[in-house]
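In: Task: produce atomic coordinates for the following.
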Amino acid sequence: MQQLADRDKVFKELDQHSKANDVALQQSATRLQAEQGNFAKLQTYYKDAVEVARTRDVEIKRTDAVLGATRQRAQACEAKNAELFKLGEQVLDLYDKKDVMDSLVADEPVTKLKRVELENLLQDYEDKFRAQEISQPPQ
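Out: Numbers count the residues shown, from 1 in each chain. Sure thing, here's the model as predicted:
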């Protein structure tokens, strides 16, 4: 009889452990489902972050290209501005000596060769100014 009581006690303990294991297993399964849901959310966030990073990389490359073109354009503008400044100084020098040129043209005989020479000089300066013009880039 004692053996029977000991066996019943062991079976009850095993039954309690089995029930505890079932509860623990159920809790683990619930946590596993929750973690799988979290993992799926994290995967979605990761994919979104990767897509945002790719988009930003493309934007950065495009912006760098625009910046490079803008820097080249600015350098060209500075060089042409310096050239125009020199041409302006030359024109001012000629204008300062205008009295001498006017007297040469006024005293010139009928052929007016000096006048033609001055007009050619003016045309040359106009051509130089137009060569330094900066055109707008295509948009």
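
In: how close does Phe11 get to Ser18?
Out: 10 Å (Cβ to Cβ, to the nearest Å). For glycine as for every other residue, the C-beta is placed from the backbone atoms N, C-alpha and C.

In: likewise Ala34?
Out: 25 Å.

In: same check, this time on Gly37
Out: In terms of Cβ to Cβ, Gly37 sits 29 Å off from Ser18.

In: cool, and Ala79?
Out: Ala79 is 89 Å from Ser18, by Cβ to Cβ.

In: Spatially central residue for the chain, please.
Out: Centroid check for the chain by Cα atoms, centre = their mean gives Thr63 as the closest residue, at 1.6 Å.

In: Show the model's pLDDT score for it.
Out: Thr63 is assigned 96 on the pLDDT scale.

In: check which helix or strand covers it.
Out: Assigned by DSSP states H and E, Thr63 falls within helix 2-96.

In: What's the first helix or strand after the helix or strand of the chain with the lowest mean pLDDT?
Out: Every helix and strand in the chain was compared by mean pLDDT, DSSP states H and E; the lowest is helix 98-106, with a mean of 58. Following helix 98-106 in sequence order, the next helix or strand is helix 113-131 (DSSP H and E).

In: Can you point out the buried residues in that next one?
Out: Neighbour-count burial for helix 113-131, counted by 16 or more other Cβ atoms under 10 Å, picks out Leu118.

In: Stretch 60-77 too?
Out: So for stretch 60-77, nothing qualifies as buried (16+ other Cβ under 10 Å).

In: how far does that stretch sit from the chain's center?
Out: Centroid separation between stretch 60-77 and its chain, computed with Cα atoms, centre = their mean, to the nearest Å, is 9 Å.

In: again, but for stretch 57-73
Out: 5 Å.

In: what about dumping the CA coordinates of it to CSV?
Out: C-alpha atoms of stretch 57-73 as CSV (Å, rounded to 0.1, in the frame of the first residue of the first chain):
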residue,chain,number,x,y,z
ASP,A,57,22.5,58.6,-51.9
VAL,A,58,21.0,59.4,-55.3
GLU,A,59,20.0,62.9,-54.1
ILE,A,60,23.6,63.4,-52.8
LYS,A,61,25.1,62.3,-56.0
ARG,A,62,22.8,64.6,-58.0
THR,A,63,23.5,67.5,-55.7
ASP,A,64,27.2,66.9,-55.9
ALA,A,65,26.9,67.0,-59.7
VAL,A,66,25.0,70.2,-59.6
LEU,A,67,27.5,71.7,-57.1
GLY,A,68,30.4,70.7,-59.4
ALA,A,69,28.7,72.3,-62.4
THR,A,70,27.9,75.4,-60.3
ARG,A,71,31.5,75.7,-59.2
GLN,A,72,32.8,75.4,-62.7
ARG,A,73,30.3,78.0,-63.8
